[in-house]
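Engineer: Give me the fold of what follows.
(one chain, ligands or ions: 2)
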Amino acid sequence: MALVASLTFEQARACVLSKVTEAPASPRIEEIGLAEAAGRVLAERVVADRDYPPVARSVRDGFAVRAADLPGELDILGEVRAGETFAGEMHAGQAVEIMTGAPAPRGADAVVMVEHVTVAEGRVTVPRSLQSGENISPQASQARQGDVLLEPGRRLGFAEIAVLAASGNARVRVFARPLVALLATGDEIVEVSQTPLDYQVRNSNVESLAVQVARAGGCPQILPVARDQYAATHELIERGLGFDLLLLSGGVSAGKYDIVERVLADLGAEFFFDRVLIMPGQPLVFGKVRDKFFFGLPGNPVSTMVTFEVFARAAVELLGGQSESELPMVWSKLRRDFRQKTGLTRFLPARLSNGGSEVTPVPWQGSGDIPALANANAFLVTEPDRESWATGEWIRVLLK
Ligand code: AMP
Ligand code: MG
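Structural biologist: Numbers count the residues shown, from 1 in each chain. Ligands and ions are numbered 1, 2, ... in the order given. As a prediction, the model looks like this:
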């Protein structure tokens, strides 16, 4: 089969994002309880049901005061706790003892912290001055009733769940998880529970992909291994196209028995690229057949894992209704010198340390080295046209 297109990392990434975004995927919507909603993608707009906070309230334990009275000695008029309101009104020369979260009494415009006052015989002495508004969170300072708090397409993490809970959503509408078919290919592949012969390997790729798919919000569907024969591969790819996305592992290199692309072509596939200038994972295929996207991920385990993270993950996220997909990249300082051959964007196993401020490459034996990847917590991302980095220089890092 003739090469379709060989792209740089940036071009390939942009291609995946634009192709999947263009396709009008409208995932099914389901309504679930809040306790099940973590990691799901919001399918509705969440609006503030009231002002946040609904009244001006204290952010400290202390005394509600009038800033104009300070410094000074004030009469303690009473007390207000979280969960109640102060019935009366405060006047000049007066203070009300107040707890964090309690509404500011009428007439008060600041709260002095309990640590900054002395109390004796029904009077409080405040030796300092305060700004009007100090230690009071004004009504609606976080959101006004009717404001949009969350837009559809947002992945629900713990803070989004807190927003939903605070605004009274015991149930929430989310997009159905996309079903992602995982199809390993290869005559040498055996089940995880089997003892492989010297020339066989256990099917680790579908297991790692299942974890990655689930982490991206998809629902992994593991298919039987496709042997490197035309008919078997054809039949299983057909099956895989019954799901929302098809991920193949292996069979996309230049070997005589790498038949995945041929089968897909015969099924009428459109190929957007079939080589990316990256390492690991150069022979990566992305295309569409019968309205379904597919990735032919290279079979070497590190290549499979890396190309999923860098390309296929975005497709799973977008097909799941997420409004955007970002690669979690940061910059960090190298802890040792480092050289590469130019021409490829490399994703090299690495360890972040010192709070992520420093990064060290993990020694590895190439794209079959699963243990090296298990020892890494990140990838160095090299620029293809640069030959060397010195200790202490900044380098891009993809979080694992
Ligand atoms: P391929 O891309 O088909 O040429 O596969 C390259 C290498 O990746 C093979 O020689 C295997 O060692 C390894 N490999 C392929 N498929 C899997 C799999 N499902 N699980 C683990 N290793 C695999
Ligand atoms: Mg193979």
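
Engineer: and the helix or strand hosting I237, what other elements does it pack with?
Structural biologist: Taking DSSP states H and E as the criterion, the element that holds I237 is helix 230-240. Packed against helix 230-240 by the contact rule (3 or more CB pairs under 8 Å, 6 or more residues apart in numbering; DSSP states H and E) you find strand 179-184, strand 245-249, helix 260-266. C-beta: built from backbone N, CA, C; applies to glycine.

Engineer: what about those, which gets the closest to E358?
Structural biologist: strand 245-249 (33.4 Å; CB to CB).

Engineer: what pairs with the residue of the stretch 51-200 of the chain found nearest ligand 1 across the strands?
Structural biologist: In the stretch 51-200 of the chain, no residue comes nearer to ligand 1 than A184, which is 3.5 Å away by CB to the nearest ligand atom. Here A184 shows beta-bridge partners S249, assigned using DSSP bridges.

Engineer: where does it sit relative to ligand 2, distance-wise?
Structural biologist: A184 is 9 Å from ligand 2, where distance means CB to the ion, to the nearest Å.

Engineer: Tell me the confidence at that residue?
Structural biologist: Looking at A184, its pLDDT reads 98.

Engineer: Compute the number of surrounding residues for it.
Structural biologist: Counted with other CB atoms under 10 Å, the neighbours of A184 add up to 25.

Engineer: which residues touch it?
Structural biologist: By CB atoms under 8 Å, 6 or more residues apart in numbering, the contact list for A184 reads N203, N205, V206, V225, A226, L248, S249, G250, G299.

Engineer: isn't the third one right next to S249, touching?
Structural biologist: By that I understand V206. Yes. Under the criterion of CB atoms under 8 Å, V206 is in contact with S249, at a separation of 7.1 Å.

Engineer: Give me the common contacts of these two.
Structural biologist: In the contact map built from CB under 8 Å, 6+ apart, the residues linked to both V206 and S249 are L182, A184.

Engineer: Deepest in the core, which of the helices and strands packed on helix 230-240 is it.
Structural biologist: The highest average neighbour count among those, using mean count of other CB atoms under 10 Å, belongs to strand 245-249 at a mean of 29.

Engineer: anything in it near ligand 1?
Structural biologist: Yes. With CB under 6 Å from any ligand atom as the measure, strand 245-249 is seen reaching ligand 1 through S249.

Engineer: Please enumerate the helices of the protein.
Structural biologist: Assigned by DSSP state H, the chain shows helices spanning 9-22, 158-166, 204-215, 230-240, 260-266, 301-307, 313-319, 370-374.

Engineer: now those helices in TSV, with mean pLDDT and distance to ligand 1?
Structural biologist: Putting the helices of the chain into TSV (pLDDT from 0 to 100; distance: least, CB to the nearest ligand atom, whole Å) gives the following:
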stretch	mean pLDDT	distance to ligand 1
helix 9-22	97	18
helix 158-166	98	34
helix 204-215	98	3
helix 230-240	97	11
helix 260-266	96	8
helix 301-307	98	5
helix 313-319	98	18
helix 370-374	97	8
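
Engineer: Find the one among the ones you listed with the highest mean neighbour count.
Structural biologist: When these are scored by mean count of other CB under 10 Å, the highest mean neighbour count falls to helix 301-307 (a mean of 26).

Engineer: list the helices and strands that one packs on?
Structural biologist: Counting by 3+ CB pairs under 8 Å, 6+ apart, the packing neighbours recorded for helix 301-307 are helix 204-215, strand 292-297, helix 370-374.

Engineer: change it to 7 Å
Structural biologist: Using 3 or more CB pairs under 7 Å, 6 or more residues apart in numbering; DSSP states H and E, the elements in contact with helix 301-307 are helix 204-215, helix 370-374.

Engineer: Cool, thanks, talk later.
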